[in-house]
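Undergrad: any chance you could fold what I've pasted below:
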Amino acid sequence: MKGWLKERLGERWRRRIHALSRLRWITKTRIIQAEGLPVRDHLRYILLDPEVESYTYRVANIDGMLTTIAEATGTPVEELRHYVAEADTDPELRDNLTRRLRWRFDVKHRPELANRLGWYVLVRALRPRLVVETGVYHGFGSLTLLRALERNAADGSPGELVSFDISEEAGSFVDRRRYPGWRHVVGETTEILRGSLDGRQIGAVFQDSNHSVAVQELEFGVALASPEPTLLLVDGSCGESPVLEQLTRERGGDYRRVRLGAADHWYQRGALTFSLFRTADENA
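TA: Residues are numbered from 1 along each chain as shown. Sure, this is the predicted structure:
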């Protein structure tokens, strides 16, 4: 029934329904029950929280996350801690964003980065020239990646973000006046991804659109066919899909998955799942 409604309502009406998520008390009650949690202990979430997916929370396992990233990238943990501090105090991700969201009913007014903190740290550590994001939603991930790329550019390593989503209205967290160079491409990645990136080497893919096997194989496959010397692939499904791990085994990459947990939220199944692929030339 839910899938039938989605097909017939269209993207604009689906987004209007999502705008009322703060009032979707039955849906949130079912989410809590599905997690095996007592409803009465989570009434604040059920009654007031606007999020029914793409949860925002403070990462509980920062040390584990940084250790995993350090082992994979070869970047010292202390340098990675500096990037975490950057993100935690970044005005665009904090006060400026809060001001832009203060009158919105459909989102938290001060959202936390959750697994996007790992995205930020990875981009700062690896300095990719071309970052591809599939699935934009509100654009919190887009904004996080743009800020990491902006910091990289200030350090002498410029990069570009190209984001794909089926909706023109996606990405509302991004102040487009500040980021006129951000490319937000509208359409199904199965139809437009290859053509939009034809002839370009890709340094990172953040796959957060449809997490089906077919879509992940296509989106990751485009990057694997034309990689920068170091290629980062991030699975936004938190490792629930087997595609990235299988591709990593087949292509000789380095697969990592670390549970994040939440310091201030009922959701404890968050994870950072990524793989690194390095060309023979770089390793020589």
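
Undergrad: which residues in the stretch 101-250 of the chain form helices?
TA: Per DSSP state H, counting those that start in this stretch, the stretch 101-250 of the chain carries helices over the ranges 116-126, 140-154, 189-196, 213-225, 243-251.

Undergrad: which one, of the ones you listed, ends up nearest to R176?
TA: Across these, R176 has its closest neighbour in helix 140-154 (10.4 Å, Cβ to Cβ). The way it works is simple: take the backbone N, C-alpha and C, and place the C-beta from them, glycine included.

Undergrad: list the buried residues of that closest one.
TA: Going by neighbour count (16 or more other Cβ atoms under 10 Å), the buried part of helix 140-154 is 140-152.

Undergrad: returning to what we had before: closest one to S172 among the helices of the stretch 101-250 of the chain?
TA: Judged by Cβ to Cβ, the one of the helices of the stretch 101-250 of the chain that comes nearest to S172 is helix 140-154, at 9.6 Å.

Undergrad: contacts for the closest one?
TA: 54, 56, 86-87, 90, 92-93, 97, 111, 113, 116-117, 119-120, 123-124, 127, 131, 133, 136, 158-161, 163, 171, 173-174, 179, 182, 184, 206, 208 (Cβ atoms under 8 Å, 6 or more residues apart in numbering).

Undergrad: before we move on, the earlier item: need the helices of the stretch 101-250 of the chain in CSV (columns: distance to A262 and mean pLDDT).
TA: Below are the helices of the stretch 101-250 of the chain laid out as CSV (distance: least, Cβ to Cβ, whole Å; pLDDT from 0 to 100):
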stretch, distance to A262, mean pLDDT
helix 116-126, 12, 98
helix 140-154, 16, 98
helix 189-196, 29, 97
helix 213-225, 25, 97
helix 243-251, 23, 97
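
Undergrad: name the stretch among the ones you listed that sits most buried.
TA: Comparing the helices of the stretch 101-250 of the chain by mean neighbour count (mean count of other Cβ atoms under 10 Å), helix 116-126 comes out on top with a mean of 25.

Undergrad: now F277, which residues is it bridged with?
TA: L231 (DSSP bridges).

Undergrad: pLDDT value on it, please?
TA: At F277, the predicted lDDT confidence score is 98.

Undergrad: R22 - how many residues pack around it?
TA: Using other Cβ atoms under 10 Å, R22 is surrounded by 17 other residues.

Undergrad: my read: it touches D106, true?
TA: Yes. Look at R22 against D106 with Cβ atoms under 8 Å: they come within range, at 7.0 Å.

Undergrad: now do the shared contacts for those two.
TA: Contacts common to R22 and D106, judged by Cβ under 8 Å, 6+ apart, are P50.

Undergrad: gap between the residue nearest the centre of the chain and H42?
TA: By Cα atoms, centre = their mean, the chain has its centre lying nearest to G141, at 4.6 Å. Here G141 is placed at a distance of 25 Å from H42 (Cβ to Cβ, to the nearest Å).

Undergrad: kindly report the same for D88.
TA: D88 sits 26 Å away from H42, going by Cβ to Cβ.

Undergrad: those two: who's more crowded?
TA: H42 (18 against 15).

Undergrad: show me the contacts for the more buried one.
TA: Counted by Cβ under 8 Å, 6+ apart, H42 has contacts I32, W266.

Undergrad: would you map the strands across the stretch 51-200 of the chain?
TA: Per DSSP state E, counting those that start in this stretch, the stretch 51-200 of the chain carries strands over the ranges 130-134, 160-165, 183-186.
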